[in-house]
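Asker: Structure for this input, please:
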Amino acid sequence: MRRAGSAFLGMLLGFFVLLSALPGICSKKAMLPYPDVPRMPPGQCLKQLGKIPPPVIIDVRLTSQFKESLQKLPGAVHEDPENVQSWAHKYKKGQTIILY
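Answerer: Numbering: from 1, shown residues only. Prediction:
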């Protein structure tokens, strides 16, 4: 009986360890690709669009994904994320740029 009690306590302890780790594992930040890249909420993005000069919006999806997608933001330009050196010089330093 003592062994069964020890096994139960071990399982219970493991369950509590798992539960305590869940908030970090299941957080939105942990689920996002590139979690360290700064993100802008949609409301803040809309405020930026109302500024003069407006920001440049760059669609940096892979070319194949961009071509296949029916969802594109009006006024956004597409740039190849795998070849940043070929297009980065087109944008002015200090210019507000929103990548999506």
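
Asker: so what's L62 up against?
Answerer: Shown in contact with L62 (Cβ atoms under 8 Å, 6 or more residues apart in numbering): 80-82. In this view, the C-beta of every residue, glycine as well, is placed from N, C-alpha and C.

Asker: run the last query once more with 7 Å
Answerer: L62 makes contact with P81, according to Cβ atoms under 7 Å, 6 or more residues apart in numbering.

Asker: In terms of helix, strand or coil, where does I58 fall?
Answerer: Judged by DSSP: H, G, I helix; E, B strand; the rest coil, the three-state class of I58 is strand.

Asker: That one: how many residues sit nearby?
Answerer: Neighbourhood size, I58 [other Cβ atoms under 10 Å]: 18.

Asker: beta partners of it?
Answerer: With DSSP bridges applied, I58 shows beta-bridge pairing to V77, L99.

Asker: Next up, the contacts around it.
Answerer: Contacts of I58 by Cβ under 7 Å, 6+ apart are 76-77, 79, 97, 99.

Asker: Buried ones in stretch 51-63, by neighbour count?
Answerer: Neighbour-count burial for stretch 51-63 flags 56-61 (criterion: 16 or more other Cβ atoms under 10 Å).

Asker: so which of the residues you listed would you say is closest to K93?
Answerer: For the buried residues of stretch 51-63, the closest approach to K93 (Cβ to Cβ) belongs to V56, at 12.6 Å.
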